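Undergrad: dropping the sequence and predicted coords here.
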Amino acid sequence: MGLTIKAHGKINLTLDVLSRRPDGYHDVEMIMQSIALHDTLRIEDQEEEIMLTAAGQPVSIDEDNLIIKAARLLQQQTGTQRGAKIHLQKEIPVAAGLAGGSTDAAATLRGLNELWQLGLSRKQLMELGVRLGADVPFCLLGGTAIARGIGEELTPLPAAPNFGVVLVKPAFGVSTAAVYRGLNVASLRQHPRTNSMVDALRFGQLSAVADELGNVLESVTLGLYPELQEIKETLTEVGCQGVLMSGSGPTIFGLTEDAAAAIKLARQLALPNCKVVATAMV
Ligand SMILES: C[C@](O)(CO)[C@H](O)COP(=O)(O)OP(=O)(O)OC[C@H]1O[C@@H](n2ccc(N)nc2=O)[C@H](O)[C@@H]1O
Ligand SMILES: Nc1ncnc2c1ncn2[C@@H]1O[C@H](COP(=O)(O)OP(=O)(O)OP(=O)(O)O)[C@@H](O)[C@H]1O
């Protein structure tokens with residue numbers, strides 16, 4: 001018996017950091033948005049052992065892969081004797097700010113809960129998921145949502161318009177931990193307006209959504225990699241309406257009216273050493 005599951009990536013339409021917590025994590029307030037770009041997991045039931053293979057974008061398939069960590073966590077927590085053979089088709093760029101690892105972890109929790117007939121609720125899966133990564137609970141929920149706490153306190157929002165999204169991922173990846181470490185919360189002068197973005201999404205006008213985009217981690221990652229500013233300018237020049245870094249970066253995204261416009265604009269981009277993907281909000 002087996003299952004095939006889509007694991008969608010995300011972008012952050014807003015990302016605000018409120019304070020540093022004693023454990024080193026940060027309290028955030030952000031609007032998360034699923035995108036059509038996804039990895040695919042094929043999961044087959046077997047006795048005890050967890051096995052992982054992968055194709056597509058290169059990614060480690062060792063014990064540090066979040067798919068294996070998620071499966072082992074579920075085994076430990078439920079005491080099941082079941083195992084799984086998992087194949088990952090990796091399409092989401094790695095260490096990109098698109099929650100690639102978190103979404104694979106979320107898909108593994110969902111898939112194995114079903115395949116092993118564990119009967120855990122989504123809330124229970126989210127409580128386990130946050131132990132694997134702050135973005136995992138959102139990846140279990142999907143759609144559009146406000147995330148608070150370290151990212152695990154979620155308020156779902158009405159479905160947002162299916163704006164097109166052009167993603168530009170430079171050849172390098174960034175460490176999320178290093179970006180948060182590089183942020184001086186007290187020195188932040190501007191914060192994204194979460195409520196205004198919620199209104200803009202409800203109103204559904206791209207120009208209003210574009211005006212409210214904001215990510216306080218941009219200053220850190222753009223400071224480390226000034227070439228990201230050039231990518232932002234290029235995306236604006238070809239006609240993307242709103243342009244922002246996703247998560248801790250380095251992926252820059254630009255919004256368009258729809259997926260067809262994103263495909264058209266992506267074709268015009270001549271950005272050496274970058275991966276360009278046209279997708280959409282879902
Ligand atoms: C940047 C975002 O992707 C925006 O959605 C998330 O805030 C990060 O989510 P993530 O990669 O799933 O985060 P984790 O894997 O849990 O954490 C990686 C590292 O980022 C830092 N981190 C993460 C989330 C958070 N609210 N505060 C933090 O300071 C911590 O140093 C942590 O060690
Ligand atoms: N299944 C996986 N897919 C991608 N990366 C994984 C996976 N499992 C573990 N990793 C590791 O996680 C690290 C972060 O990669 P990931 O693609 O999740 O970053 P990200 O998109 O920046 O995440 P986020 O947006 O949640 O901060 C990488 O160093 C990668 O090796």
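TA: Perfect, I can see it now. Ligands and ions are numbered 1, 2, ... in the order given.

Undergrad: tell me which residues in the helix or strand Gly223 falls within are buried?
TA: Assignment of secondary structure by DSSP states H and E places Gly223 within helix 218-224. Buried residues in helix 218-224, counting neighbours by 16 or more other Cβ atoms under 10 Å, are found at 218-222. Backbone N, C-alpha and C define where each C-beta goes, glycine included.

Undergrad: where exactly do the helices run in the stretch 51-200 of the chain?
TA: Secondary structure of the stretch 51-200 of the chain (DSSP state H, counting those that start in this stretch): helices located at 66-78, 100-115, 122-129, 136-141, 176-181, 194-203.

Undergrad: ok, which of the ones you listed comes nearest Ala7?
TA: helix 100-115 (3.7 Å; Cβ to Cβ).

Undergrad: please name every helix or strand in contact with the closest one.
TA: strand 2-20, strand 26-47, helix 66-78, strand 82-90, helix 122-129, helix 136-141 (3 or more Cβ pairs under 8 Å, 6 or more residues apart in numbering; DSSP states H and E).

Undergrad: which parts of stretch 157-164 are buried?
TA: Buried residues in stretch 157-164 (16+ other Cβ under 10 Å): 157, 160-161, 163-164.

Undergrad: related to what we said a few turns ago, nearest to ligand 1, out of the helices of the stretch 51-200 of the chain?
TA: Smallest distance to ligand 1 across these (Cβ to the nearest ligand atom): 3.6 Å, for helix 176-181.

Undergrad: whether the closest one contacts ligand 2 - can you check?
TA: Yes. Interface with ligand 2: helix 176-181 contributes Thr176 (Cβ under 6 Å from any ligand atom).

Undergrad: hmm, that helix in reach of ligand 1?
TA: Yes. Helix 176-181 lies within reach of ligand 1 by Cβ under 6 Å from any ligand atom, at 176-177, 180.

Undergrad: around ligand 1, which positions in this protein sit nearby?
TA: 12, 15, 24-26, 28, 30, 99, 102, 133-135, 150-151, 176-177, 180, 247-248.

Undergrad: please pick the buried ones from those residues.
TA: Here, 16+ other Cβ under 10 Å leaves 12, 15, 26, 28, 30, 99, 102, 133-135, 150-151, 176, 180, 247-248 buried among the residues of the chain next to ligand 1.

Undergrad: hmm, back to that, pipe the buried residues of helix 218-224 into JSON lines and attach pLDDT per row.
TA: Formatted as JSON lines, these follow (pLDDT from 0 to 100):
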{"residue": "Glu218", "pLDDT": "97"}
{"residue": "Ser219", "pLDDT": "95"}
{"residue": "Val220", "pLDDT": "97"}
{"residue": "Thr221", "pLDDT": "98"}
{"residue": "Leu222", "pLDDT": "97"}
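
Undergrad: make JSON lines out of those and add distance to Cys274.
TA: Listed next are the buried residues of helix 218-224 as JSON lines, based on distance: Cβ to Cβ, whole Å:
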{"residue": "Glu218", "distance to Cys274": "17"}
{"residue": "Ser219", "distance to Cys274": "21"}
{"residue": "Val220", "distance to Cys274": "20"}
{"residue": "Thr221", "distance to Cys274": "15"}
{"residue": "Leu222", "distance to Cys274": "15"}
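
Undergrad: ligand 2: which of these is nearest?
TA: Nearest member of the buried residues of helix 218-224 to ligand 2, counting by Cβ to the nearest ligand atom, is Thr221, at 10.6 Å.

Undergrad: ok, the residue most central in space within the chain to ligand 2 distance?
TA: What sits nearest the mean C-alpha location of the chain, by Cα atoms, centre = their mean, is Ala99, with 2.9 Å. To ligand 2, Ala99 is 4 Å away according to Cβ to the nearest ligand atom, to the nearest Å.

Undergrad: swap in Leu3?
TA: If you go by Cβ to the nearest ligand atom, the gap between Leu3 and ligand 2 works out to 17 Å.
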